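**Q** Here is the input, now give the coordinates:
(chains A, B, C and D)
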There are 2 protein chains.
Amino acid sequence: MTHDAGPERSRRKSGAATIYDVAELAGVSPSTVSRALSKPGRISAATEARIRAAAEQLSFRINPMARALHTGRTSTLALVVADITNPVVFDIVRGAEQVATAEGYTLVIAESQESGATEAAAVQRLLPSVDGIILATSRLEDDAIRALAQQKPLVLINRAVDGVAAILPDVETGVAGLLELLHDLGHRSIAYLSGPTTSWVSARRWEHLLEQTERRGMGLVEIGPNAPTIAGGTEAWRRVRAAKVTAVVAFNDLIAIGLMQAMAQAGVTVPDDMSVAGFDDIFGSELIVPALTTVRSQLELAGRRASSHLLSRLSGEDPTEAELLSTELVTRGSTGPA
Amino acid sequence: MTHDAGPERSRRKSGAATIYDVAELAGVSPSTVSRALSKPGRISAATEARIRAAAEQLSFRINPMARALHTGRTSTLALVVADITNPVVFDIVRGAEQVATAEGYTLVIAESQESGATEAAAVQRLLPSVDGIILATSRLEDDAIRALAQQKPLVLINRAVDGVAAILPDVETGVAGLLELLHDLGHRSIAYLSGPTTSWVSARRWEHLLEQTERRGMGLVEIGPNAPTIAGGTEAWRRVRAAKVTAVVAFNDLIAIGLMQAMAQAGVTVPDDMSVAGFDDIFGSELIVPALTTVRSQLELAGRRASSHLLSRLSGEDPTEAELLSTELVTRGSTGPA
DNA sequence: TTGTATGCGTTATCAC
DNA sequence: GTGATAACGCATACAA
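**A** Numbers count the residues shown, from 1 in each chain, chains lettered A, B, ... in the order given. Have a look, this model is predicted:
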């Protein structure tokens, strides 16, 4: 009778198997199944084996939502980026995704399209369903970020906010190396093509540029803000030409490439007529002619570290709040004697 | 008393507000709150307003896990790609993300690293927590894909499997245009640098290449398989040189670029000594010198269509199973007279 | 070691 | 139109 009447709680519809199904097949209670699957070892080896076999047979997959509802943990990390098609973020995404996946976490991704409002909306939408948040090149205000950081573990990439964990590039040494190069090449008058006003990194680069040029007795002008895109660089050309400088440092490689395209169009030769350098060393920077001198950041590593940071906090550790990633000057053909 | 004793079920800990909190504040029952928030209109305007005000005041956010547990719908889409850093997938990701977000869905992303096993694992992990799946350039076997498609709404990008929905590039016209160009330039002997053996698109391109060259009386050899990367192209150079052809068509732009780098290294001039063409028109293809002739695919559109397809199926519609996206020949400097 | 009972926050079914 | 109540699948406190 009892084994013929069928399961009291068999799976109806086409739904997936639950721990109840597994429990029945293994001849144990659901809670035992739960234990066997979540904390192995705290159960007799024999029954655990039976349960695993049953789970396998029913191709049981734990329901993440049900688990999350109870535990409050979703095993999901959110990554919010300004612009998915910006080569800079590819590597960040990859690094973050790899570490997350390796640790059994899922990465959800959202794009703010360089807009603080869009970013805020995305974060609000994701907030309830993730365990932690990575904000890459955030366009949010400091206060907004601090408020978020109080609700969930949060880590910034390329942005520093007091009291909030961050993975940052070592801007200073990168800028120093670049300026030493330009100085040695005889450049005494430089233009900086800045990024968006909301870009923390752009502001830092500017500050260090200012400091270094001062120390070396070089002239420096800021031209911007510019959209951090190829178009942004192209559009800046007229102002660059008017500035009468011998070298241009762009906020990023995209802007540098756009500028070089406009210069080529105008018959200006790089680096003979003017030197150009960028930041990031994106895919494409060594493809362009002349190849672009740039300060390479460790983007994939930044993504990895961001995920790692969150994961260690989620497991109760207390990782260092700020992490500085070294940068490296990559000298190529776009810089030459003044 | 009753309004002083405090809520029977106030939110403990730091947890977010629930519909119970809102219900209490608005003086209604939880089920009324649920109705007011999920299906507006089916409730008296006055109480709905009160509820909305209360929800606002408590900054109530619905708990997606709790909802999902009951409804079985997660409002999440999964996108699995072979290689996140491949420029081809950037646009796919962006398109898919934008449509998903616009419709209130979240996009989770996973990388298979060109491995069928990794891809299978990723899909299995994501399966229980998403409403639909996008497989971009899948490395899975046909049967595995069909099996998945039976469990959840699934759509393929750049891959065709009988009975499974797919967004595909119109390979034929792209290849035809490219071969017409090469033929007109006098090329009669062509090499195809194929992609991975598991690439459906590579196989299709080869087939159409074969058909078209036959029709035009041109010679064609296949060199491959090659990794769909710059390194893959570079490594293929020796075999290309040995093949004594006047033009090379690469499976994708990455391979074409790698090949051109190796050729430059070897002192071979493009297009004078040999013409080169690719597929995809990725970022970087117009940066390289000479700029790459290529067949452009509408990648972002493919991503958009994939999300749209899934969303319409999820809302009960029955969209067309296969969608063909037109391709466009972009003629640049890497192709010239034989 | 294993089973029982309960709750996580929401939606849906059924009354009123 | 609105309010009880059960149920979604899992994890845990407690009991055995």
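**Q** show me where the stretch 1-150 of chain A has helices.
**A** Counting by DSSP state H, counting those that start in this stretch, one finds helices in the stretch 1-150 of chain A at the ranges A:19-26, A:30-38, A:45-57, A:64-71, A:87-102, A:116-126, A:142-151.
**Q** Return the residues of chain A in contact with DNA strand D.
**A** A:11-12, A:15-16, A:18-20, A:30-31, A:34-35, A:37-39, A:60, A:62-63, A:66-67, A:69-71 (Cβ under 7 Å from any atom of the strand). Any C-beta I mention is one placed from the backbone N, CA and C, and that applies to glycine too.
**Q** interface residues of chain A facing DNA strand C?
**A** Going by Cβ under 7 Å from any atom of the strand, the residues of chain A near DNA strand C are A:27-32, A:35, A:42-44, A:46-48, A:66, A:69-70.
**Q** and after the strand or helix carrying A:A191, which helix or strand comes next?
**A** A:A191 belongs to strand A:189-193 when elements are defined using DSSP states H and E. Next helix or strand after strand A:189-193 toward the C-terminus (DSSP H and E): helix A:200-216.
**Q** Tell me the helices and strands packed up against the following helix or strand past that following helix.
**A** Once helix A:200-216 ends, the next helix or strand along the chain (criterion: DSSP H and E) is strand A:219-223. If contacts are counted by 3 or more Cβ pairs under 8 Å, 6 or more residues apart in numbering or on different chains; DSSP states H and E, strand A:219-223 sits against strand A:189-193, helix A:200-216, helix A:230-243.
**Q** right, so those: which one is the most enclosed?
**A** Comparing these by mean neighbour count (mean count of other Cβ atoms under 10 Å in any protein chain shown), strand A:189-193 comes out on top with a mean of 23.
**Q** now that strand: mean pLDDT?
**A** Mean pLDDT, strand A:189-193: 98.
**Q** now could you export just the CA positions of it as PDB?
**A** Written as PDB, here are the backbone C-alpha positions of strand A:189-193 (Å, rounded to 0.1, in the frame of the first residue of the first chain):
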ATOM      1  CA  SER A 189      54.500  72.200 -22.900                       C
ATOM      2  CA  ILE A 190      51.800  69.500 -22.400                       C
ATOM      3  CA  ALA A 191      48.000  69.300 -22.700                       C
ATOM      4  CA  TYR A 192      45.900  66.900 -20.700                       C
ATOM      5  CA  LEU A 193      42.700  65.800 -22.300                       C
END
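**Q** tell me which element the nearest residue to A:A160 once chain neighbours are set aside falls in.
**A** Nearest in space to A:A160, with sequence neighbours left out and distances taken as Cβ to Cβ, 6 or more residues apart in numbering or on different chains, is A:A166 at 5.2 Å. For A:A166, the host element (DSSP H and E) is strand A:165-169.
**Q** Which positions within the very next helix or strand once past that strand qualify as buried?
**A** Moving toward the C-terminus from strand A:165-169, the next helix or strand (DSSP H and E) is helix A:171-184. Going by neighbour count (16 or more other Cβ atoms under 10 Å in any protein chain shown), the buried part of helix A:171-184 is A:V171, A:E172, A:T173, A:G174, A:V175, A:A176, A:G177, A:L178, A:L179, A:L181, A:L182, A:H183.
**Q** Which of these sits closest to A:M274?
**A** Using Cβ to Cβ, A:L182 is the member of those that lies nearest A:M274, at 11.5 Å.
**Q** was I right about the closest one contacting A:A277?
**A** Yes - judged on Cβ atoms under 8 Å, A:L182 makes contact with A:A277 at a distance of 7.4 Å.
**Q** Can you pull the residues that touch both of the two?
**A** A:A247, A:V249, A:T335 (Cβ atoms under 8 Å, 6 or more residues apart in numbering or on different chains).
**Q** The residue nearest to A:A160: neighbouring residues, count only.
**A** 22 (other Cβ atoms under 10 Å in any protein chain shown).
**Q** Quick one, grab the pLDDT at it.
**A** 97.
**Q** next one: A:S14
**A** Per the predicted model, pLDDT is 48 at A:S14.
**Q** Any regions of chain A where pLDDT drops low?
**A** Within chain A, the stretches with pLDDT under 70 are A:1-14.
**Q** how's it carved up into domains?
**A** A:19-62, A:75-169+A:299-326, A:171-297 (automatic domain parsing).
**Q** With distance to B:L314 added, can I get these in TSV?
**A** Below are the domains of chain A laid out as TSV (distance: least, Cβ to Cβ, whole Å):
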stretch	distance to B:L314
domain A:19-62	20
domain A:75-169+A:299-326	18
domain A:171-297	34
